[in-house]
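S.K.: Below: sequence and its predicted model.
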Amino acid sequence: MAIVRFEQVVVERDGRKSLDIPELVLEQNRVGLIGLNGSGKSTLLRLINGLVTPSHGRVLVDGLDTREEGRAVRRRVGFIFQIPDNQIVYPIVAEDIAFGLRNIGVPKAQLPSQAQAALDRLGIGHLADRQSHLLSGGEKQLVALAGVLAMAPGTILFDEPTSGLDLRNRNRVRDVLSGLVEQAVVATHDLALISGFDRVLVLDAGSIVLDAEPAAAIAFYQERFA
């Protein structure tokens, strides 16, 4: 699990601040991010693994500056996008998992077993030979997560992981999240999903307006934005 630090972080777009976080340390196992669309949740996630760099200030992951050492940061921090099709690139599931492993230098002979192990961990080993584009939304989300888990990050960022899923697949993703040993930072509108987390940040107009335990954060959010 990484320790993430924001130090005087400002992100500017078109001459205005889209995110302003003077100080923040994330070191809990489960952290939720909630807020209206455009509040800055996705930008905050992308700052953590260097997909976005600050206009001012810096973000540190285990002491590594995301601006200067983005590649090393991304070895420690995985990212699950809202639309899993954006990160599943190979037509066969096992090939897609193996692609990521190959990129971090896993020997060719070990690729099949390590890819299978990542799928088995999530209970989807039977999908290894399936065509990626024929999977359900929930299956795609789990395959995307298996691809990230195979890379052995300490922290995983989730951007709306249950968006567009039916109840059964939403619950599958919830159960997987609850069982991860890795740190998870989750941006979501699914308030029940983060009800058992360690900590929840409420964002509004690019600022953190509350940092609290889940029940208090959810109640504040519902009252403020209802």
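M.R.: All right, it came through fine.

S.K.: On the strand side of things, show who the residue positioned nearest the centre of the chain bridges to.
M.R.: With the centre of the chain defined as its mean C-alpha position, the nearest residue by Cα atoms, centre = their mean is L157, 1.6 Å away. L157 forms beta bridges with F79, V185, as assigned by DSSP bridges.

S.K.: Let me know the pLDDT of the nearest residue in space to P153 that is not next to it in sequence.
M.R.: Leaving out its chain neighbours, the residue that sits closest to P153 by Cβ to Cβ, 6 or more residues apart in numbering is G78, at 3.9 Å. (Each C-beta comes from the backbone N, C-alpha and C, glycine too.) Predicted confidence (pLDDT) for G78: 94.

S.K.: again with A109
M.R.: 94.

S.K.: go on, P91?
M.R.: As summarised for this prediction, P91 has a pLDDT of 95.

S.K.: Please name the residues that touch it.
M.R.: 131-133 (Cβ atoms under 8 Å, 6 or more residues apart in numbering).

S.K.: same thing but at 6 Å, please
M.R.: Neighbouring residues of P91 by Cβ atoms under 6 Å, 6 or more residues apart in numbering: 131-132.

S.K.: Residues contacting the lowest-mean-pLDDT helix or strand in the chain, please?
M.R.: Across the helices and strands of the chain, mean pLDDT, DSSP states H and E gives its lowest value to helix 167-179, namely a mean of 89. Residues from elsewhere that reach helix 167-179, judged by Cβ under 6 Å, 6+ apart: 122, 138, 141, 161-162, 184, 193.

S.K.: Same check on stretch 68-86?
M.R.: Defining contact as Cβ under 6 Å, 6+ apart, one finds that stretch 68-86 is touched by 2, 48-50, 61, 64, 66, 87, 140-141, 144-145, 148, 153-161, 163.

S.K.: For the chain, which segments count as helices?
M.R.: When secondary structure is read from DSSP state H, the chain shows helices at 41-48, 70-76, 93-103, 111-121, 137-149, 167-179, 214-225.

S.K.: how about those, which one is nearest G206?
M.R.: Taking Cβ to Cβ, helix 41-48 is the member of the helices of the chain nearest to G206, at 7.8 Å.

S.K.: re the thing from before, close enough to count as contact, the residue nearest to the centre of the chain and L45?
M.R.: Yes - counting by Cβ atoms under 6 Å, L157 touches L45, with 4.6 Å between them.

S.K.: quick one: the residue in the chain sticking out farthest from the centre and L101, what's the gap?
M.R.: Relative to the centre of the chain, and counting by Cα atoms, centre = their mean, the farthest-placed residue is A109 at 29.5 Å. Distance from A109 to L101, counting by Cβ to Cβ, to the nearest Å: 12 Å.

S.K.: cool, V89 as well?
M.R.: From V89 to L101 the distance is 13 Å (Cβ to Cβ).
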